[in-house]
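A.B. asks: Fold the following.
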Amino acid sequence: MFVRALPVKLALASFMVAACVTVNVYFPAAEAERAADRAIDVVKGDSAGTGTQSQPKERGDAETTRLDAGASERPVLLAAVGYALEMLVPPAHAQNANIDISSPEVDAILGSMRARYQGELKKFFSSGAIGYAANGDIAVRDQAAVPLTERATVKRLVAEDNSDRAALYAAIAKANGHPEWEAEIRQTFARRWIEKASAGEYYQDTGGNWVQK
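C.D. replies: Sure, this is the predicted structure:
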């Protein structure tokens, strides 16, 4: 009777142990940078689309140590604990999480930003009239570099692009199931926009000063 009840008791014990595990979901900074680079390449014309997702890293099997090969209950216990943890800690919480930028909403926003950059904004970046702000937006740097007849257009383009940027950061966070990551995604993009700025384009440093790439 005791032998038959042992697997059930071990399974229950394993679930009790697993229930005490705290799942810490943190922002995967390295994956976010790679995702930002892919998105920026789409906007600036260095990539045809977002279908170049880096593959999630495979999770290694939990290492099992058998202290006593003759004691059959210990492997059973370890297997039960492993199963319970697998149920409670899904792959999405793995340390090397993948950041997905291929949702329809993200694709639509990137398409809008790409068309705007290639069609009109690029020339204003090149002239130094606008540049990359330190907060992940863009800003008018030198209004005098814009012909008077185009100043209203530049202001409109900057406002539209910043609206798309805000929507992009929120959409990526939402697409990955963590809307609370929006601020960190924005910060990541802010750094990568500057790092990937083309020669001659301007960006703001941390002190708010404009610097030419």
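A.B. asks: Got the phi and psi for Y202?
C.D. replies: phi -110, psi 150 (degrees, to the nearest 10).
A.B. asks: Which residues are in contact with it?
C.D. replies: Shown in contact with Y202 (C-beta atoms under 8 Å, 6 or more residues apart in numbering): 125, 128, 130-132, 141, 210-213. The way it works is simple: take the backbone N, C-alpha and C, and place the C-beta from them, glycine included.
A.B. asks: Just the buried ones from these, in PyMOL syntax?
C.D. replies: PyMOL command restricting these to the buried ones, with burial defined by 16 or more other C-beta atoms under 10 Å:
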select buried, resi 125+128+130+131+132+141
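A.B. asks: Export the contacts of Y202 as CSV, with columns for pLDDT.
C.D. replies: Below are the contacts of Y202 laid out as CSV (pLDDT from 0 to 100):
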residue, pLDDT
F125, 97
G128, 97
I130, 98
G131, 98
Y132, 98
R141, 97
W210, 97
V211, 97
Q212, 97
K213, 94
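A.B. asks: How confident was the prediction at the nearest residue in space to A134 that is not next to it in sequence?
C.D. replies: In space, and not counting its chain neighbours, A134 is closest to Q204: 4.3 Å by C-beta to C-beta, 6 or more residues apart in numbering. On the pLDDT scale, Q204 is placed at 96.
A.B. asks: and what of E105?
C.D. replies: 96.
A.B. asks: low-confidence ranges in the chain?
C.D. replies: 1-25, 47-97 (pLDDT under 70).
A.B. asks: Now with 90, please.
C.D. replies: Along the chain, segments meeting pLDDT under 90 span 1-26, 45-100, 102, 206.
A.B. asks: Walking through it, point out its strands one by one.
C.D. replies: For the chain, the strands defined by DSSP state E occupy 130-132, 138-140, 202-204, 210-212.
A.B. asks: who wins for proximity to W193 among the ones you listed?
C.D. replies: strand 130-132 (4.7 Å; C-beta to C-beta).
A.B. asks: Spit out the contact partners of the closest residue in space to A139 that isn't next to it in sequence.
C.D. replies: Leaving aside its sequence neighbours, A139 sits nearest to A133 (C-beta to C-beta, 6+ apart; 4.5 Å). A133 makes contact with 139, 190, 203-204, according to C-beta under 8 Å, 6+ apart.
A.B. asks: Count residues in the vicinity of V154, would you?
C.D. replies: 19 (other C-beta atoms under 10 Å).
A.B. asks: Surely it is in contact with F125?
C.D. replies: No - if you go by C-beta atoms under 8 Å, V154 and F125 don't touch, sitting 10.9 Å apart.
A.B. asks: need the helices for this structure, in chain order.
C.D. replies: 2-19, 29-44, 73-88, 104-116, 122-127, 151-175, 182-195 (DSSP state H).
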